[in-house]
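Peer 1: Got a predicted structure here, sequence first:
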Amino acid sequence: MPPSNRLFDEFARLATDAAGAAQGVRREAETVFKAQVERLIRDMDIASREEVDVLRDLVAALRSQNDALAARVAALEGASAPVRTAPGATESL
């Protein structure tokens with residue numbers, strides 16, 4: 001039965017070569033697809049994770065600063081607010 005064993009060996013070798021070629025094509029397709037997606041994202045000028053994190057921290061700092069300034073303005077307005085009279089009334093000194 002040497003001829004049939006040789007035939008099976010050839011089929012096995014062919015299948016192995018085909019599987020290797022298919023893996024190579026798959027890797028190449030993945031590389032091309034990844035490069036295209038990265039180019040598309042770069043062209044769309046989408047913010048990176050690091051940029052979003054920096055902006056989030058900046059907004060949080062500005063929000064707390066704004067709250068502190070609003071409290072300070074409210075305190076200053078309360079301390080120096082003149083007595084207001086109703087419209088049409090006259091002030092007496």
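Peer 2: Great, that's in hand.
Peer 1: going forward, measure contacts between C-alpha atoms and count neighbours the same way
Peer 2: Noted.
Peer 1: could you give the mean pLDDT of stretch 9-22?
Peer 2: What stretch 9-22 shows for mean pLDDT is 88.
Peer 1: Sketch out the low-pLDDT regions of this structure for me.
Peer 2: Counting by pLDDT under 70, the ranges of the chain that qualify are 1-4, 81-93.
Peer 1: in it, which spans are helices?
Peer 2: With DSSP state H as the criterion, the chain has helices at 2-44, 49-79.
Peer 1: Just send those back as JSON lines, with mean neighbour count too.
Peer 2: Shown next, in JSON lines, are those (neighbours: other C-alpha atoms under 10 Å):
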{"stretch": "helix 2-44", "mean neighbour count": "11"}
{"stretch": "helix 49-79", "mean neighbour count": "11"}
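Peer 1: Using the record, which stretches count as separate domains in the protein?
Peer 2: 1-46, 47-78 (automatic domain parsing).
Peer 1: Would you quantify the distance from the residue nearest the centre of the chain to Arg56?
Peer 2: Nearest to the geometric centre of the chain sits Arg49, at 4.4 Å (C-alpha atoms, centre = their mean). Separation of Arg49 from Arg56 (C-alpha to C-alpha, to the nearest Å) stands at 11 Å.
Peer 1: Next: Gly24.
Peer 2: The value you get for Gly24 to Arg56, if C-alpha to C-alpha is used, is 43 Å.
Peer 1: And for Arg13?
Peer 2: Note on Arg13: its distance to Arg56, by C-alpha to C-alpha, is 58 Å.
Peer 1: repeat for Arg72
Peer 2: 24 Å.
Peer 1: Over to Ser48?
Peer 2: Ser48 is 12 Å from Arg56, by C-alpha to C-alpha.
Peer 1: got the phi/psi numbers for Ile46?
Peer 2: Note on Ile46: backbone dihedrals following degrees, to the nearest 10 are phi -80, psi 140.
Peer 1: and if you look at Asp45?
Peer 2: According to degrees, to the nearest 10, Asp45 has phi 60, psi 50.
Peer 1: burial count for it?
Peer 2: 8 (other C-alpha atoms under 10 Å).
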